[in-house]
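S.K.: have a look; sequence and predicted model below, questions after that.
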Amino acid sequence: MSPIRVLVAEKCGFCPGVRNAIHTAEEVLAQTSSQEQVYCLGPIIHNEDVVERLASAGLRTVESVDAIDSGTVLIRSHGVAPSELDRLRGRGLRIVDATCVLVKRVQQIAKQLEEEGYEVVIIGEENHPEVQGVMGCVKNVVVVAGEEDLHKLPSDGKLGIVCQTTQSPEHLGRMLGAIGQGGFRELKVINTLCKEAIKRQESATALCKKVDVMFVLGGLHSANTRRLAELCKNHNRETFHLQNWDELDKKVLIGKNVAGVTAGASTPNWVIDEFVKHLEAFDEKR
Ligand code: SF4
């Protein structure tokens, strides 16, 4: 009998945007001759195993357009700025665009808000590739990660607000409440949160309340996994963000009866399955 009962979040792991990007990469690699190089602009997802698997099938990850002279370029689910696409086109490269449709939507909305005369505001992380892509769609933009950034907003004017897709509804609500106190003439808010990310957050926080210890699996650089871990920590202080079973300090399992497991949108199912298998087999007496 398992000494620890393991509960897995109802919704966790790969989201449709990530699944589509990986599937597209596999298809492109299968169709491309061995002479032609296939590039991905930035890691396809924040998971080293998946990146390595696709690298061994021929996908070369580069950080800049300058590193690509010929061949095919895959645009990952985070998307890129239109100027980057233009530079790729200018080099005569074949572009395969796997930008998630929901990220494309944020890019289009930001453009539209600017055309309507709003000062575009993105609630999100300025260095995240998705946010950088959206920033590249408009001429003037302010990015605010938290309330400490609100001083960056113009002192007056009409704000057109969008949000990085993987932010939480709670954070969006807090930020809008704080911006609302700024005395702006007009605020237009378009909700650009991703429902898939919200479902993962909701099922993770629900699970947190039922378990003694909570594990959030996924890349340490993955923004959505980090957010999931922060949320879980707010509901269960015994929350640990890990990439795999080897990273777990097994001492945290001692005395625990029920463990919860969730995973970010870039975590493959096999990572979740393997972790659960080890957890179920864990015997603290050994
Ligand atoms: S988390 Fe949502 S917006 Fe981001 S890639 Fe996945 S489906 Fe698209």
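M.R.: Yep, that arrived.

S.K.: show me what counts as buried in the helix or strand harbouring residue 108.
M.R.: Secondary structure assignment for residue 108, by DSSP states H and E: helix 101-115. The neighbour-count check on helix 101-115 (16 or more other Cβ atoms under 10 Å) flags 102-103, 106-107, 109-111, 113-114 as buried. For every residue, glycine as well, the C-beta is placed using N, CA and C.

S.K.: now for these, which pair is the farthest apart?
M.R.: 102 and 114 (19.5 Å; Cβ to Cβ).

S.K.: what about whichever residue of the chain sits closest to the ligand, which SS state?
M.R.: For the chain, the residue closest to the ligand is residue 17, as judged by Cβ to the nearest ligand atom, at 2.4 Å. Recorded secondary structure, residue 17: helix (DSSP: H, G, I helix; E, B strand; the rest coil).

S.K.: can you report how many residues lie near it?
M.R.: By other Cβ atoms under 10 Å, 24 other residues sit near residue 17.

S.K.: residue 59 too?
M.R.: Neighbour count for residue 59, taken as other Cβ under 10 Å: 23.

S.K.: does it really touch residue 74, like I thought?
M.R.: Yes. Using Cβ atoms under 8 Å, residue 59 makes contact with residue 74 at a distance of 7.2 Å.

S.K.: joint contacts of these two?
M.R.: 25, 38-40, 44 (Cβ atoms under 8 Å, 6 or more residues apart in numbering).

S.K.: which parts of stretch 188-196 are buried?
M.R.: Using 16+ other Cβ under 10 Å as the test for burial, stretch 188-196 gives 189, 192-194, 196.

S.K.: look up how far residue 73 lies from residue 264.
M.R.: In this view, residue 264 and residue 73 are 25 Å apart by Cβ to Cβ, to the nearest Å.

S.K.: ok, back up a step: check contacts around the residue of the chain closest to the ligand.
M.R.: Listed by Cβ under 8 Å, 6+ apart, the contact set of residue 17 reads 77, 100-103, 194, 196, 265.

S.K.: any idea how far residue 112 is from residue 205?
M.R.: Residue 112 is 33 Å from residue 205, by Cβ to Cβ.

S.K.: can you check residue 170 too?
M.R.: 10 Å.

S.K.: my guess is residue 282 contacts residue 254, does it?
M.R.: No. Counting by Cβ under 8 Å, residue 282 does not reach residue 254; the two are 9.8 Å apart.

S.K.: which one's more surrounded, the two?
M.R.: residue 282 (19 against 8).

S.K.: the ligand contacts on this structure?
M.R.: 15-18, 77, 100, 102-103, 165-166, 194, 196-197, 224, 265 (Cβ under 6 Å from any ligand atom).

S.K.: so what's the residue count around residue 125?
M.R.: Neighbour tally, residue 125, other Cβ under 10 Å: 19.

S.K.: when you give positions from now on, start the count at 16
M.R.: Will do, 16 is the new start, and the previous item becomes residue 140.

S.K.: how about the backbone phi and psi for it?
M.R.: The phi/psi pair for residue 140 (degrees, to the nearest 10) reads phi -100, psi 120.

S.K.: cool, and residue 88?
M.R.: Torsion angles, degrees, to the nearest 10, at residue 88: phi -120, psi 130.

S.K.: please apply the same query to residue 274.
M.R.: According to degrees, to the nearest 10, residue 274 has phi -120, psi 140.

S.K.: re earlier: residue 279 and residue 88: which has the busier surroundings?
M.R.: For the pair residue 279 and residue 88, the greater number of neighbours falls to residue 279 (30 against 25), based on other Cβ under 10 Å.

S.K.: just to check, that one is in contact with residue 232?
M.R.: Yes. Using Cβ under 8 Å, residue 279 makes contact with residue 232 at a distance of 7.2 Å.
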